[in-house]
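Trainee: After the sequence you'll find the predicted model.
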Amino acid sequence: MPKQRFVISLSNLLLIVGVIGSTLLLWQLRSLLVTLMIAVVLAAALAPIVNGAERLRLPRWLAVVTVYLALIGGITGAGILIGPTVVEQIERLIRRLPTYLENLWILIENLAIRLGVTDPETVSPISQLFDTQALTSWIIRSSQQVAIRSYSVTRGIVGGVLSIILALLLSGYMLVGSKNLISGLISLFPYPWNQHLAAQVVPVSKRMGSYIQGRVLVSGILGIAITLGLRILGLSEFALGLGVIAGFTNLIPFVGPILGAIPALIVAISHEGLTFGWVLLLFAIIQNLETYVLDPLLVGPSVKVHPLYQLLAVLGGTQVLGIVGALIVPPWVAGGAVLLENLYLQPKQQAEQQQNAIASLSPSEEKAADTVSLKR
């Protein structure tokens, strides 16, 4: 039996080398790619506001500058107004965390005694699980690891600040010269793909921008509601800090609301009476308000992505890019879903419907349909 020889043509070899080289180059430029992803998300989110300002007969560049100055001024004002209080409350909360966890262990131990669980072999694993020092170290270490992923992508604190500034500049440039920029990129694709992609620019931008706008608006509403609710329930010492934590984590779909509720529930355990139950009820009400009222009104219509894929986008983004990935990957998935729908699923469904319609025709009707299609 003759031996089969595996032969690679020169074109295939060059293609393999090109793919490997491009992959290595993109890996070296990953920080710039993340910055570019952030810039695209910012541009998509701010585009409707800039378009509204432009309708007031402002030049495009002046509309962009006005919107960005208003955005930066609003964030700076909020930071000056509540920033010191939030930082002070969070620092105090971290200092008291071991005490709160100790109170949690005492509560669980008393509950176990009431239920008749006194066997040392049963209690020992629980006590190891709620070892306050180990649990506190694990919480801080896990938070640091997530932050380090974001930190390493931007190459340090200075790199992170420069990346944010660069993302703002790039997004502003995208908004000012969006038409020329998009037409230049689309012209690189052959016909008819250039026309197909040109038709998807507005839907993709709208989907991504609406997602970010909805999440920010929902998170702001819930952050204010949680702050007020915790004040009413007697946790005014940490209400603002816990409200900001809950509002920020709520930007992350699915897991964010749970992460935001944990610190408030741990604090509530140390208070007497039914405080823990009331705080738990507060977060349950707010979670249902978000799920059944706010998300369907403000976020749901703009996403149109299966919840499982959204969850995978959050988990995958967090694993690769840390907190930054959890925030920017879901809108990219939402934008990619538009391309999948309009460029693949809809044409596929239309082709299947046409094939089914032709298959159901009689021979004479099929011949007449072919004649009509030829005339067209």
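Mentor: That came in fine, so what should we check first? As the structure is a computational prediction, the values presented were derived from the model and not from experiment. Numbering: from 1, shown residues only.
Trainee: Can you give me the buried ones in whichever helix or strand Gly184 is part of?
Mentor: Mapping Gly184 onto the secondary structure by DSSP states H and E places it in helix 178-186. Within helix 178-186, the residues scored as buried using 16 or more other CB atoms under 10 Å are Ser178, Ile182, Ile186. For the C-beta atoms, the positions are set from N, CA and C on the backbone; glycine is no exception.
Trainee: of all those, which comes closest to Leu242?
Mentor: The shortest gap between Leu242 and any of the buried residues of helix 178-186 belongs to Ser178, at 39.7 Å (CB to CB).
Trainee: residue contacts, the closest one?
Mentor: Remark: with contacts taken as CB atoms under 8 Å, 6 or more residues apart in numbering, Ser178 is in contact with Ala43, Ala47.
Trainee: Distance check, the closest residue to Thr275 other than its chain neighbours against Ala261.
Mentor: Beyond its immediate neighbours in the sequence, the residue positioned closest to Thr275 (CB to CB, 6 or more residues apart in numbering) is Ala268, lying 4.8 Å away. Distance of Ala268 to Ala261, computed by CB to CB, to the nearest Å: 10 Å.
Trainee: With Asn103 instead?
Mentor: Relative to Ala261, Asn103 is positioned 17 Å away (criterion: CB to CB).
Trainee: Looking at the two now, which is surrounded by more residues?
Mentor: Between Asn103 and Ala261, counted using other CB atoms under 10 Å, the more crowded position is Ala261 (23 against 16).
Trainee: returning to that earlier point: restricting to C-alpha, output the helix holding Gly184 in PDB.
Mentor: What follows is helix 178-186, C-alpha atoms only, in PDB (Å, rounded to 0.1, in the frame of the first residue of the first chain):
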ATOM      1  CA  SER A 178     -18.800  58.700  12.400                       C
ATOM      2  CA  LYS A 179     -20.100  59.000   8.800                       C
ATOM      3  CA  ASN A 180     -16.600  59.200   7.200                       C
ATOM      4  CA  LEU A 181     -15.200  56.600   9.600                       C
ATOM      5  CA  ILE A 182     -18.000  54.000   9.000                       C
ATOM      6  CA  SER A 183     -18.000  54.600   5.200                       C
ATOM      7  CA  GLY A 184     -14.200  54.100   5.100                       C
ATOM      8  CA  LEU A 185     -14.400  50.800   7.000                       C
ATOM      9  CA  ILE A 186     -17.300  49.400   5.000                       C
END
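Trainee: Please report the distance of the residue nearest to Thr275 from Arg92.
Mentor: For Ala268, the distance to Arg92 equals 16 Å [CB to CB].
Trainee: Settle it for me: which of those two has more neighbours?
Mentor: Ala268 (24 against 13).
Trainee: any idea how far the more buried one is from Asp295?
Mentor: Using CB to CB, which is the criterion applied here, Ala268 is 25 Å from Asp295.
Trainee: With adjacent residues omitted, what lies nearest to the residue nearest the centre of the chain?
Mentor: Nearest to the centroid of the C-alpha atoms of the chain, with distances taken as CA atoms, centre = their mean, sits Leu327, at 3.1 Å. Taking CB to CB, 6+ apart, and ignoring the residues beside it in sequence, Leu327 has Leu251 as its nearest neighbour in space, at 5.9 Å.
Trainee: and the one you found, backbone torsions?
Mentor: Note on Leu251: backbone dihedrals following degrees, to the nearest 10 are phi -60, psi -20.
Trainee: which residues does it contact?
Mentor: Contact criterion CB under 8 Å, 6+ apart gives Arg215, Val216, Ser219, Leu327 as the residues in contact with Leu251.
Trainee: Now intersect these with the strands, please.
Mentor: Secondary structure assignment by DSSP state E places none of these in strands.
Trainee: Let me know the closest of the residues you listed to Ala284.
Mentor: Distance from Ala284 was checked for each of these by CB to CB. The minimum falls on Ser219, at 17.9 Å.
Trainee: any low-confidence regions in this structure?
Mentor: For the chain, the stretches with pLDDT under 70 are 1-10, 111-160, 300-305, 360-376.
Trainee: quick check: angle from the longest helix seen in the chain to helix 178-186?
Mentor: In the chain, with assignment by DSSP state H, the single longest helix is helix 60-114. Relative orientation of helix 60-114 versus helix 178-186 (axes from the mean of the first three to the mean of the last three CA atoms, to 10 degrees): 80 degrees.
Trainee: and helix 60-114, what does it pack onto?
Mentor: Under the contact criterion of 3 or more CB pairs under 8 Å, 6 or more residues apart in numbering; DSSP states H and E, the helices and strands touching helix 60-114 comprise helix 30-54, helix 120-129, helix 132-153, helix 157-176, helix 239-249, helix 255-269.
Trainee: can you do 7 Å?
Mentor: Packing contacts for helix 60-114, counted by 3 or more CB pairs under 7 Å, 6 or more residues apart in numbering; DSSP states H and E, involve helix 30-54, helix 132-153, helix 157-176, helix 239-249, helix 255-269.
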